[in-house]
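Colleague: the following comprises the amino acid sequence and a computationally predicted model.
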Amino acid sequence: MRFSQLLCIALVSAMIGFSCREKGGKYINQGEIHYSINYIGNLGPMPKEVLPKDLVVSFKDDKILFEMISAFGNSGIQNLANPEKKIFDTYFSLFTIRYFYEAQPGEDYPGFETMKGMSLKKTSKTAVICGYNCKNAELTLPGNKERTYQVWYTNEIDVRNPNTATPYSQIDGVLMSFSFFIGSAELHFDADNVYKKDIPDITFERRKKFTRVSRNEIDKFLHKMISL
């Protein structure tokens with residue numbers, strides 16, 4: 001391999017490695033991961049400025065909470081997995097609207113129909129993100145198999161089944177850089193910080209004061225919020 005190629009690889013690795021810093025240490029079993037969100041593609045009627053700007057993932061052993069909450073009207077989406085109590089809920093809130101869908105064990109969360117039939121191919125590529133050694137997989141969607149999306153994940157955060165009920169359930173590590181597709185919108189997530197902290201068990205309990213709706217209904221609300 002030529003020196004120029006080696007230099008290029010080193011520079012790319014350095015850019016990835018210094019994009020964020022871990023503040024919790026390796027192999028932690030509870031804490032938070034904060035991701036920045038980049039919206040790509042056709043968005044819905046809501047301006048991009050009022051959509052959630054961050055994803056916060058709280059985890060404790062095999063319990064996980066994904067939160068995308070906007071400061072505008074306290075609107076957003078939460079996905080909650082508490083396998084011990086068989087809770088796999090999706091919550092949608094917008095001003096006074098508060099709905100949730102109760103998925104069954106083994107069922108993916110609503111909103112990811114665009115990702116059905118997707119393909120994940122693990123590669124030998126590696127990177128360092130937030131201080132964690134990461135592995136790589138390439139994602140292709142059935143609608144456009146010519147385009148690949150990079151997925152980075154690590155086994156140095158101690159969470160069991162970290163991607164349960166998501167399209168990435170076959171990935172055996174914590175996602176650090178990845179994309180979700182909801183309707184015609186593409187959402188790209190990059191980890192910014194990893195924090196070790198005590199997460200109260202109540203964080204993973206079913207929310208009260210939400211009205212239970214069907215999967216089709218929650219799908220409609222999610223698509224209205226994010227995509228056309």
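Modeller: Looks like it came in fine. These numbers come from a predicted model, not from an experiment.

Colleague: which positions within stretch 94-105 qualify as buried?
Modeller: By neighbour count with 16 or more other CB atoms under 10 Å, stretch 94-105 contains the buried residues 94, 99-101, 103. The way it works is simple: take the backbone N, C-alpha and C, and place the C-beta from them, glycine included.

Colleague: just those residues: which are in strands?
Modeller: 94, 99-101, 103 (DSSP state E).

Colleague: and the two most separated of these?
Modeller: Leu94 and Ala103 (20.4 Å; CB to CB).

Colleague: thinking again about what came up before, same list, the ones in strands among the buried residues of stretch 94-105, but as JSON lines with distance to Asn163 please.
Modeller: As requested, those are arranged in JSON lines below (distance: CB to CB, whole Å):
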{"residue": "Leu94", "distance to Asn163": "26"}
{"residue": "Tyr99", "distance to Asn163": "24"}
{"residue": "Phe100", "distance to Asn163": "21"}
{"residue": "Tyr101", "distance to Asn163": "19"}
{"residue": "Ala103", "distance to Asn163": "14"}
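
Colleague: can you redo these as a markdown table with distance to Ser58 and pLDDT?
Modeller: Below are those laid out as a markdown table (distance: CB to CB, whole Å; pLDDT from 0 to 100):
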| residue | distance to Ser58 | pLDDT |
| --- | --- | --- |
| Leu94 | 22 | 85 |
| Tyr99 | 21 | 97 |
| Phe100 | 17 | 97 |
| Tyr101 | 20 | 98 |
| Ala103 | 19 | 96 |
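
Colleague: confidence-wise, which helix or strand of this protein is lowest on average?
Modeller: Every helix and strand of the chain was ranked by mean pLDDT, DSSP states H and E. The lowest is helix 3-17, at a mean of 42.

Colleague: quick one: which of the ones in strands among the buried residues of stretch 94-105 is nearest to Thr148?
Modeller: Looking across these and measuring by CB to CB, the closest to Thr148 is Ala103, at 28.5 Å.

Colleague: quick one, what contacts the closest one?
Modeller: 88-90, 109-110, 165, 215 (CB atoms under 8 Å, 6 or more residues apart in numbering).

Colleague: would you mind measuring from it to Lys86?
Modeller: Distance, Ala103 to Lys86, using CB to CB, to the nearest Å: 10 Å.
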